[in-house]
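Visitor: Can you look at this prediction? I've put the sequence above it.
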Protein chains: 2
Amino acid sequence: MEEKGISQAVISRLPRYFRYLGELKDEGVERISSQDLSELMKVTASQIRQDFNNFGGFGQQGYGYNVEYLYEEIGKILGLDKEHHLIIIGSGNLGQALANYMNFERRGFIIKGLFDTNTNLYNKEIRGIKVQPMEDIKDFVKENDIDIAVLTIPKSSAVGVAEQLVEYGIKAIWNFAHVDLNVPKGVLVENVHLSDSLMKLSYNLNCYELGEE
Amino acid sequence: MEEKGISQAVISRLPRYFRYLGELKDEGVERISSQDLSELMKVTASQIRQDFNNFGGFGQQGYGYNVEYLYEEIGKILGLDKEHHLIIIGSGNLGQALANYMNFERRGFIIKGLFDTNTNLYNKEIRGIKVQPMEDIKDFVKENDIDIAVLTIPKSSAVGVAEQLVEYGIKAIWNFAHVDLNVPKGVLVENVHLSDSLMKLSYNLNCYELGEE
């Protein structure tokens, strides 16, 4: 991040490149020009070249990019060549949805544990993973080399749980609770604020309707 | 949107202002300076003033902002003073999680219908709403004045379903499928690409670990 001076805006675009390149690879496409990639992804070719130049450029223009190479390289940059161990805290519908999503595992994000305060869930198994009480998080994190915690709990408890997770040595939190977490420097938080996203849609819908009248 | 020349970056920040102002209002705070809001939200006061100036500024500096007024105004800008009617297409864990989330309803986002291809779900009721077959979407959209469709279905069917929704007159799609939808101009899409968000976290974790070594 700061070390490399690459902006979060560029980082935010990398997964989309990775997705398109994966699809091209699956379709058997071997090379693609920045122009063709630009048309496919509906971003300018200049944007693509600028983004890729942050990482050395990934190959000669004129010949186009080698799809498989580019896919692999962007995957490495995203840390997808490594295995990450996750726990999900909050095993309601959203936690279960995330635990059931096989694609995360394909990318090296292995769900190791599920936790909840709701005792009714303790017998439940999701893809072979039993829901455990919150009290067991501390030992579980140590024993299972957990690096990412997913927070799918209500806003009211998220801040406190996040503080505990940091104490237990968690370095990255994927936060679905609708609150900003206060974590020390060195602990990463990536927020998915669903309400914010829906409000943005509502804003644009509102503007569009006003524009139409 | 384009009509007003306000960037999507500014729009993206509005829900967060709205959230903080709502919390301040609930705590009984009547006025707040841009400086205090800046410290609370960890953005610069200049950023706050610039953002608010897009909408006329919202009140005098020196006196600070009137919290309730600002909260109401930003709510109106976000279209939260209107009622939106939603359907959720894909009634698995994620669809159910969204249907169960009461906060959306508080903001005027009323879930009217749930749909799925899975016949086993047709007897299921979530907060009094029955899961219906996909074939019923067309009539339901007309009869219930639906303006937002939530897509929580796999990538493979999302593109086709989105095309149908546009035919049925849907103007806004909140898309959780991990694919970019091709919709005609005038139809709004707001994407929640969860994998992209997780990859961004992984990138930052990767950089942080490399930086530490």
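Guide: That came in fine, so what should we check first?

Visitor: Helices of chain A, start to end?
Guide: A:8-26, A:34-41, A:45-53, A:67-77, A:93-100, A:102-106, A:137-143, A:155-167, A:194-212 (DSSP state H).

Visitor: Which neighbouring elements make contact with the shortest one?
Guide: For helix A:102-106, the contact count by 3 or more CB pairs under 8 Å, 6 or more residues apart in numbering or on different chains; DSSP states H and E identifies helix B:194-212 as packing neighbours. No exception for glycine: its C-beta is placed from N, CA and C like everyone else's.

Visitor: Same check on the last one?
Guide: Contact partners of helix A:194-212 among helices and strands, from 3+ CB pairs under 8 Å, 6+ apart: helix B:8-26, helix B:102-106, strand B:148-151, strand B:172-175, strand B:188-191.

Visitor: Now that helix: buried residues?
Guide: Neighbour counts using 16 or more other CB atoms under 10 Å in any protein chain shown place A:194-208 of helix A:194-212 among the buried residues.

Visitor: Could you single out the nearest of those to A:K112?
Guide: Set against A:K112, the nearest of the buried residues of helix A:194-212 by CB to CB is A:L194 (24.4 Å).

Visitor: related to what we said a few turns ago, pick the most deeply packed of the helices of chain A.
Guide: Most buried of the helices of chain A, by mean neighbour count (mean count of other CB atoms under 10 Å in any protein chain shown): helix A:93-100, with a mean of 22.

Visitor: what about the longest strand along chain A, average pLDDT?
Guide: The longest strand of chain A (DSSP state E) is strand A:109-116. Strand A:109-116 shows a mean pLDDT of 97.

Visitor: which residues touch it?
Guide: A:83-92, A:95, A:98-99, A:104-105, A:122, A:126-127, A:129-134, A:136-137, A:140, A:144, A:146, A:148, B:198, B:202 (CB atoms under 8 Å, 6 or more residues apart in numbering or on different chains).

Visitor: what domains does the record give for chain A?
Guide: A:2-77, A:84-196 (automatic domain parsing).

Visitor: B:Y65: which of these is closest?
Guide: Short answer: domain A:84-196, nearest of the domains of chain A by CB to CB, at 19.4 Å.

Visitor: Quick one: end-to-end distance for that closest one.
Guide: 28 Å (CA to CA, to the nearest Å).

Visitor: show me where pLDDT drops low in chain A?
Guide: A:1-4, A:60-61, A:210-213 (pLDDT under 70).

Visitor: let's see 80
Guide: Applying pLDDT under 80 to chain A flags the ranges A:1-5, A:57, A:59-62, A:102, A:208-213.

Visitor: Contact partners for A:S157?
Guide: Residues counted as contacts of A:S157 (CB under 8 Å, 6+ apart) are A:T117, A:A177.

Visitor: And it, how far from A:I87?
Guide: When distance is defined by CB to CB, to the nearest Å, A:S157 is 15 Å away from A:I87.
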